[in-house]
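Asks: My questions are about this predicted structure, shown below with the sequence.
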Amino acid sequence: MDKWTWGWTPALAGAFRHYEETGVTVGRVTLEHKRLYRLWTEQGELLGELTGKLRYEATGREDYPAVGDWVVIRPRTGEGRATIHAILPRFSKFSRKVAGNTSQEQIVAANVNTVFLVNALNQDFNVRRIERYLTLAWESGAQPVIVLSKADLCGDVADKVAQVEAVALGVPIHAVSSWTRQGLDELEGYLQPGQTIALLGSSGVGKSTLINYFLGTEQQEVQAVREGDDKGKHTTTYRELFLLPQGVSMIDTPGMRELQLWEAERGLQETFEDIEQLAQACRFSDCLHRGEPGCAIEQALMEGSLAQDRFENYQKLRREQAYFERKENRRLARAEKEKWKKRSKQANLNRRR
(Lines give C-alpha, C1' and ligand atoms only; values in the text may rest on other atoms or scores of the structure.)
Protein backbone atom coordinates (compact mmCIF):
# COMPACT_ATOMS: atom_id res chain seq x y z
CA MET A 1 0.00 0.00 0.00
CA ASP A 2 1.51 3.35 -0.99
CA LYS A 3 1.75 6.58 0.97
CA TRP A 4 -1.00 8.29 -1.05
CA THR A 5 -3.47 5.93 0.62
CA TRP A 6 -2.19 7.15 4.00
CA GLY A 7 -2.91 10.81 3.19
CA TRP A 8 0.21 11.89 1.29
CA THR A 9 -0.42 15.06 -0.77
CA PRO A 10 1.34 17.03 -3.53
CA ALA A 11 2.07 19.79 -0.98
CA LEU A 12 3.84 17.30 1.30
CA ALA A 13 5.74 15.93 -1.70
CA GLY A 14 6.89 19.46 -2.51
CA ALA A 15 8.10 20.00 1.05
CA PHE A 16 9.97 16.69 1.00
CA ARG A 17 11.99 17.59 -2.12
CA HIS A 18 14.32 19.56 0.14
CA TYR A 19 15.40 16.28 1.76
CA GLU A 20 15.32 13.81 -1.15
CA GLU A 21 19.01 14.11 -2.03
CA THR A 22 20.09 12.99 1.45
CA GLY A 23 18.85 9.43 0.93
CA VAL A 24 16.00 9.61 3.41
CA THR A 25 12.30 8.72 3.07
CA VAL A 26 9.04 9.53 4.88
CA GLY A 27 6.75 7.90 7.40
CA ARG A 28 3.49 8.80 9.11
CA VAL A 29 3.13 8.76 12.89
CA THR A 30 0.39 6.34 13.92
CA LEU A 31 1.15 6.20 17.67
CA GLU A 32 3.28 8.14 20.16
CA HIS A 33 4.50 6.81 23.49
CA LYS A 34 7.13 8.59 25.62
CA ARG A 35 9.03 10.07 22.68
CA LEU A 36 8.97 6.81 20.74
CA TYR A 37 6.82 6.71 17.62
CA ARG A 38 5.17 3.94 15.69
CA LEU A 39 5.50 4.82 12.02
CA TRP A 40 3.87 3.58 8.87
CA THR A 41 6.42 3.58 6.04
CA GLU A 42 6.70 2.04 2.60
CA GLN A 43 9.21 -0.32 4.21
CA GLY A 44 6.54 -1.48 6.68
CA GLU A 45 5.85 -0.55 10.29
CA LEU A 46 8.90 0.85 12.11
CA LEU A 47 9.64 2.23 15.57
CA GLY A 48 10.88 5.82 15.26
CA GLU A 49 13.21 7.76 17.56
CA LEU A 50 14.31 11.40 17.28
CA THR A 51 17.78 12.56 16.36
CA GLY A 52 19.70 14.38 19.06
CA LYS A 53 19.62 17.52 16.93
CA LEU A 54 15.82 17.48 16.71
CA ARG A 55 15.54 17.04 20.48
CA TYR A 56 18.09 19.78 21.11
CA GLU A 57 16.38 22.33 18.86
CA ALA A 58 12.87 21.69 20.23
CA THR A 59 11.64 24.55 22.40
CA GLY A 60 8.24 23.05 23.29
CA ARG A 61 5.97 20.05 22.87
CA GLU A 62 4.71 21.43 19.56
CA ASP A 63 8.20 20.86 18.09
CA TYR A 64 7.89 17.09 18.57
CA PRO A 65 5.98 14.76 16.23
CA ALA A 66 2.29 14.14 16.89
CA VAL A 67 -0.09 11.45 15.66
CA GLY A 68 -0.89 12.21 12.03
CA ASP A 69 2.42 13.94 11.32
CA TRP A 70 4.53 13.09 8.29
CA VAL A 71 8.20 12.83 9.26
CA VAL A 72 11.49 12.58 7.39
CA ILE A 73 13.21 9.36 8.41
CA ARG A 74 16.26 7.22 7.80
CA PRO A 75 15.03 3.61 8.05
CA ARG A 76 16.97 0.81 9.73
CA THR A 77 14.71 -1.95 8.46
CA GLY A 78 16.92 -4.75 9.74
CA GLU A 79 16.30 -3.47 13.28
CA GLY A 80 12.66 -2.55 12.68
CA ARG A 81 13.53 1.05 13.58
CA ALA A 82 13.97 4.47 11.98
CA THR A 83 15.61 7.75 12.94
CA ILE A 84 13.35 10.81 12.67
CA HIS A 85 15.21 13.82 11.24
CA ALA A 86 12.42 16.37 10.65
CA ILE A 87 8.67 17.01 10.69
CA LEU A 88 7.11 18.04 7.38
CA PRO A 89 4.84 21.15 7.47
CA ARG A 90 1.37 20.45 8.90
CA PHE A 91 -1.61 21.57 6.82
CA SER A 92 -3.85 21.35 9.89
CA LYS A 93 -3.51 20.62 13.60
CA PHE A 94 -6.01 20.28 16.43
CA SER A 95 -4.33 21.76 19.51
CA ARG A 96 -5.24 22.46 23.09
CA LYS A 97 -3.38 23.90 26.05
CA VAL A 98 -1.68 21.28 28.17
CA ALA A 99 -3.77 20.49 31.25
CA GLY A 100 -2.73 22.35 34.40
CA ASN A 101 -0.98 25.67 34.86
CA THR A 102 1.71 25.10 32.23
CA SER A 103 1.38 27.30 29.13
CA GLN A 104 2.26 24.78 26.42
CA GLU A 105 0.60 23.51 23.29
CA GLN A 106 -0.45 19.88 22.97
CA ILE A 107 -1.14 18.77 19.42
CA VAL A 108 -3.96 16.24 19.61
CA ALA A 109 -3.92 15.33 15.90
CA ALA A 110 -2.11 16.67 12.83
CA ASN A 111 -2.82 16.76 9.09
CA VAL A 112 -6.53 16.11 9.54
CA ASN A 113 -9.09 16.88 6.82
CA THR A 114 -12.28 16.34 8.86
CA VAL A 115 -12.93 16.38 12.61
CA PHE A 116 -15.84 14.32 13.96
CA LEU A 117 -16.87 16.12 17.17
CA VAL A 118 -18.66 13.36 19.06
CA ASN A 119 -21.16 14.24 21.80
CA ALA A 120 -23.51 11.70 23.38
CA LEU A 121 -27.28 12.24 23.37
CA ASN A 122 -27.70 11.09 26.96
CA GLN A 123 -27.28 12.87 30.30
CA ASP A 124 -23.79 13.98 29.19
CA PHE A 125 -25.21 16.17 26.38
CA ASN A 126 -23.74 19.68 26.68
CA VAL A 127 -24.19 22.46 24.11
CA ARG A 128 -21.60 24.69 25.78
CA ARG A 129 -18.99 21.95 25.47
CA ILE A 130 -19.86 21.57 21.79
CA GLU A 131 -19.17 25.29 21.32
CA ARG A 132 -15.73 24.83 22.89
CA TYR A 133 -14.88 21.87 20.66
CA LEU A 134 -16.15 23.76 17.62
CA THR A 135 -13.91 26.72 18.43
CA LEU A 136 -10.77 24.58 18.42
CA ALA A 137 -11.93 22.57 15.41
CA TRP A 138 -12.34 25.69 13.27
CA GLU A 139 -8.95 26.92 14.50
CA SER A 140 -7.33 23.63 13.47
CA GLY A 141 -7.93 24.17 9.77
CA ALA A 142 -9.97 20.96 9.45
CA GLN A 143 -13.66 20.75 8.56
CA PRO A 144 -15.82 20.08 11.66
CA VAL A 145 -18.69 17.61 11.60
CA ILE A 146 -20.86 17.12 14.72
CA VAL A 147 -21.76 13.53 15.52
CA LEU A 148 -24.48 13.13 18.16
CA SER A 149 -24.00 9.55 19.34
CA LYS A 150 -26.19 7.17 21.38
CA ALA A 151 -29.38 8.40 19.73
CA ASP A 152 -31.09 5.22 20.96
CA LEU A 153 -30.76 6.55 24.53
CA CYS A 154 -32.49 9.85 23.74
CA GLY A 155 -36.23 10.40 23.67
CA ASP A 156 -36.10 13.85 22.05
CA VAL A 157 -33.44 13.63 19.34
CA ALA A 158 -35.05 16.33 17.19
CA ASP A 159 -34.98 18.82 20.08
CA LYS A 160 -31.30 18.11 20.83
CA VAL A 161 -30.39 18.48 17.15
CA ALA A 162 -32.23 21.82 17.05
CA GLN A 163 -30.23 23.04 20.08
CA VAL A 164 -26.97 22.16 18.32
CA GLU A 165 -28.09 23.71 15.03
CA ALA A 166 -28.63 26.99 16.89
CA VAL A 167 -24.94 27.19 17.86
CA ALA A 168 -23.20 25.27 15.06
CA LEU A 169 -23.98 27.55 12.16
CA GLY A 170 -23.47 25.77 8.83
CA VAL A 171 -21.83 22.70 10.39
CA PRO A 172 -23.13 19.24 9.36
CA ILE A 173 -24.89 17.45 12.24
CA HIS A 174 -25.60 13.72 12.36
CA ALA A 175 -27.52 11.85 15.07
CA VAL A 176 -26.32 8.25 15.14
CA SER A 177 -26.58 5.05 17.14
CA SER A 178 -23.96 2.32 16.96
CA TRP A 179 -26.47 -0.03 18.62
CA THR A 180 -29.31 0.39 16.09
CA ARG A 181 -27.03 1.56 13.20
CA GLN A 182 -29.14 4.74 12.87
CA GLY A 183 -27.38 7.43 10.83
CA LEU A 184 -24.08 5.55 10.37
CA ASP A 185 -24.54 5.36 6.61
CA GLU A 186 -24.52 9.18 6.54
CA LEU A 187 -21.03 9.21 8.09
CA GLU A 188 -19.71 6.82 5.46
CA GLY A 189 -20.05 9.63 2.92
CA TYR A 190 -17.02 11.30 4.55
CA LEU A 191 -14.83 8.22 4.11
CA GLN A 192 -13.03 9.24 0.95
CA PRO A 193 -9.72 7.51 0.05
CA GLY A 194 -6.64 9.46 1.12
CA GLN A 195 -8.55 11.57 3.64
CA THR A 196 -7.79 11.75 7.38
CA ILE A 197 -10.58 11.97 9.97
CA ALA A 198 -10.07 12.56 13.70
CA LEU A 199 -12.64 11.63 16.35
CA LEU A 200 -12.74 14.02 19.30
CA GLY A 201 -15.00 14.16 22.32
CA SER A 202 -15.33 13.49 26.03
CA SER A 203 -14.76 10.12 27.66
CA GLY A 204 -17.30 7.43 26.86
CA VAL A 205 -19.21 9.19 24.07
CA GLY A 206 -18.69 6.27 21.67
CA LYS A 207 -15.59 7.18 19.65
CA SER A 208 -14.00 3.73 19.93
CA THR A 209 -17.31 2.08 19.04
CA LEU A 210 -17.43 4.16 15.85
CA ILE A 211 -13.83 3.19 15.03
CA ASN A 212 -14.71 -0.49 15.43
CA TYR A 213 -17.75 -0.05 13.18
CA PHE A 214 -15.69 1.55 10.40
CA LEU A 215 -12.84 -0.98 10.80
CA GLY A 216 -15.28 -3.88 10.75
CA THR A 217 -13.46 -5.42 13.76
CA GLU A 218 -13.48 -5.12 17.55
CA GLN A 219 -10.00 -3.58 17.58
CA GLN A 220 -10.71 -0.84 20.11
CA GLU A 221 -11.88 -1.79 23.60
CA VAL A 222 -15.30 -0.40 24.52
CA GLN A 223 -17.36 -0.44 27.70
CA ALA A 224 -21.01 0.07 28.51
CA VAL A 225 -22.30 3.25 30.12
CA ARG A 226 -22.21 3.44 33.92
CA GLU A 227 -25.38 2.82 35.82
CA GLY A 228 -26.63 5.78 37.79
CA ASP A 229 -25.30 8.73 35.80
CA ASP A 230 -25.63 7.35 32.22
CA LYS A 231 -22.03 8.33 31.42
CA GLY A 232 -19.67 6.24 29.34
CA LYS A 233 -16.51 4.75 30.77
CA HIS A 234 -13.11 5.91 29.59
CA THR A 235 -11.46 3.26 27.39
CA THR A 236 -8.99 4.79 24.91
CA THR A 237 -5.81 5.90 26.70
CA TYR A 238 -3.72 7.20 23.81
CA ARG A 239 -4.08 8.70 20.36
CA GLU A 240 -3.78 6.24 17.49
CA LEU A 241 -4.17 6.36 13.71
CA PHE A 242 -5.87 3.49 11.90
CA LEU A 243 -6.23 2.77 8.20
CA LEU A 244 -9.82 1.86 7.34
CA PRO A 245 -10.70 -0.62 4.57
CA GLN A 246 -11.98 2.34 2.53
CA GLY A 247 -8.44 3.77 2.34
CA VAL A 248 -9.18 6.44 4.97
CA SER A 249 -6.93 7.28 7.92
CA MET A 250 -8.90 7.67 11.15
CA ILE A 251 -7.49 8.95 14.45
CA ASP A 252 -9.03 7.83 17.73
CA THR A 253 -8.29 10.02 20.75
CA PRO A 254 -8.74 9.65 24.52
CA GLY A 255 -11.63 11.50 26.12
CA MET A 256 -10.59 14.98 27.20
CA ARG A 257 -11.43 15.87 30.77
CA GLU A 258 -9.97 19.34 30.25
CA LEU A 259 -10.12 21.23 26.94
CA GLN A 260 -8.48 24.63 27.26
CA LEU A 261 -8.12 26.96 24.29
CA TRP A 262 -4.91 27.36 22.32
CA GLU A 263 -4.62 30.15 19.71
CA ALA A 264 -8.36 30.20 19.07
CA GLU A 265 -8.98 33.65 17.57
CA ARG A 266 -10.13 32.37 14.18
CA GLY A 267 -12.08 29.57 15.85
CA LEU A 268 -13.96 32.03 18.07
CA GLN A 269 -14.84 34.16 15.05
CA GLU A 270 -16.18 31.11 13.18
CA THR A 271 -18.06 29.52 16.09
CA PHE A 272 -19.60 32.76 17.33
CA GLU A 273 -20.02 34.51 13.98
CA ASP A 274 -23.50 35.74 14.98
CA ILE A 275 -22.15 37.46 18.11
CA GLU A 276 -19.13 38.90 16.27
CA GLN A 277 -21.45 40.43 13.66
CA LEU A 278 -23.73 41.87 16.34
CA ALA A 279 -20.73 43.45 18.05
CA GLN A 280 -19.85 45.24 14.81
CA ALA A 281 -23.32 46.83 14.86
CA CYS A 282 -22.78 48.40 18.29
CA ARG A 283 -22.68 52.20 18.29
CA PHE A 284 -19.18 52.26 19.83
CA SER A 285 -16.35 50.13 18.43
CA ASP A 286 -14.98 49.54 21.95
CA CYS A 287 -18.38 48.61 23.40
CA LEU A 288 -18.10 46.27 26.39
CA HIS A 289 -21.80 45.28 26.19
CA ARG A 290 -22.39 46.43 29.76
CA GLY A 291 -25.02 49.11 29.47
CA GLU A 292 -23.46 51.34 26.79
CA PRO A 293 -26.03 53.13 24.59
CA GLY A 294 -26.64 51.57 21.19
CA CYS A 295 -25.33 48.13 22.18
CA ALA A 296 -26.59 45.67 19.53
CA ILE A 297 -25.76 42.65 21.68
CA GLU A 298 -27.77 43.85 24.67
CA GLN A 299 -30.65 44.61 22.30
CA ALA A 300 -30.48 41.06 20.90
CA LEU A 301 -30.41 39.62 24.42
CA MET A 302 -33.44 41.67 25.41
CA GLU A 303 -35.35 40.61 22.27
CA GLY A 304 -34.42 36.96 22.76
CA SER A 305 -32.69 36.55 19.40
CA LEU A 306 -29.41 35.84 21.26
CA ALA A 307 -29.43 33.33 24.13
CA GLN A 308 -27.95 34.60 27.40
CA ASP A 309 -26.01 31.38 28.10
CA ARG A 310 -24.48 31.39 24.60
CA PHE A 311 -23.28 34.97 25.07
CA GLU A 312 -21.90 34.17 28.52
CA ASN A 313 -19.99 31.19 27.10
CA TYR A 314 -18.59 33.44 24.35
CA GLN A 315 -17.39 35.93 26.97
CA LYS A 316 -15.87 33.13 29.04
CA LEU A 317 -13.92 31.76 26.06
CA ARG A 318 -12.80 35.27 25.09
CA ARG A 319 -11.44 35.86 28.62
CA GLU A 320 -9.73 32.49 28.54
CA GLN A 321 -8.11 33.28 25.19
CA ALA A 322 -6.90 36.69 26.40
CA TYR A 323 -5.39 35.13 29.53
CA PHE A 324 -3.69 32.44 27.46
CA GLU A 325 -2.23 35.03 25.05
CA ARG A 326 -0.64 36.95 27.92
CA LYS A 327 0.93 33.78 29.33
CA GLU A 328 2.01 32.55 25.89
CA ASN A 329 3.74 35.83 25.06
CA ARG A 330 5.81 35.47 28.21
CA ARG A 331 6.60 31.83 27.43
CA LEU A 332 7.67 32.66 23.87
CA ALA A 333 9.98 35.39 25.14
CA ARG A 334 11.62 32.92 27.53
CA ALA A 335 11.89 30.27 24.76
CA GLU A 336 13.51 32.76 22.39
CA LYS A 337 16.01 33.73 25.05
CA GLU A 338 16.81 30.07 25.73
CA LYS A 339 17.23 29.38 22.00
CA TRP A 340 19.81 32.14 21.62
CA LYS A 341 21.65 30.93 24.73
CA LYS A 342 21.90 27.48 23.13
CA ARG A 343 23.18 28.93 19.86
CA SER A 344 25.73 31.10 21.66
CA LYS A 345 26.95 28.13 23.68
CA GLN A 346 27.29 25.99 20.54
CA ALA A 347 29.14 28.80 18.72
CA ASN A 348 31.62 29.10 21.61
CA LEU A 349 32.22 25.33 21.55
CA ASN A 350 32.82 25.43 17.79
CA ARG A 351 35.39 28.24 18.17
CA ARG A 352 37.30 26.29 20.82
CA ARG A 353 37.57 23.35 18.48
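Replies: Here it is on my side, so go on. All figures in this text were calculated on a predicted structure; none of them were measured in a lab.
Asks: tell me the secondary structure for residue 29?
Replies: Following DSSP: H, G, I helix; E, B strand; the rest coil, we place residue 29 in the strand state.
Asks: That one: neighbour count?
Replies: 24 (other Cβ atoms under 10 Å). Where you see a C-beta, it was placed from the backbone N, CA and C, and this is true even at glycine.
Asks: what about residue 40, distance to residue 118?
Replies: Plainly put, residue 40 is 24 Å away from residue 118 if you go by Cβ to Cβ, to the nearest Å.
Asks: quick one: which of these two has more around it?
Replies: residue 118 (24 against 21).
Asks: if I look at that one, how far off is residue 185?
Replies: 17 Å.
Asks: Run a quick neighbour tally on the closest residue to residue 64 other than its chain neighbours.
Replies: Take residue 64 and drop its neighbours on the chain: the residue closest to it by Cβ to Cβ, 6 or more residues apart in numbering is residue 58, 5.9 Å away. The local packing of residue 58 (other Cβ under 10 Å) involves 12 other residues.
Asks: per-residue confidence at residue 348?
Replies: What the model reports as pLDDT for residue 348 is 65.
Asks: so which strand or helix has the residue nearest the centre of the chain?
Replies: Centroid check for the chain by Cα atoms, centre = their mean gives residue 94 as the closest residue, at 2.6 Å. Residue 94 belongs to strand 93-97 when elements are defined using DSSP states H and E.
Asks: Packing partners of that strand?
Replies: Applying 3 or more Cβ pairs under 8 Å, 6 or more residues apart in numbering; DSSP states H and E, one finds that strand 93-97 contacts strand 105-110, helix 127-140.
Asks: Domain map for the chain?
Replies: 10-87, 112-252, 265-343 (automatic domain parsing).
Asks: Could you export those to a markdown table, including columns for mean pLDDT and distance to residue 2?
Replies: Formatted as a markdown table, those follow (pLDDT from 0 to 100; distance: least, Cβ to Cβ, whole Å):
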| stretch | mean pLDDT | distance to residue 2 |
| --- | --- | --- |
| domain 10-87 | 92 | 7 |
| domain 112-252 | 86 | 10 |
| domain 265-343 | 81 | 34 |
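Asks: Could you point out which of the ones you listed sits nearest residue 105?
Replies: Closest approach to residue 105 among the domains of the chain (Cβ to Cβ): domain 10-87, 4.4 Å.
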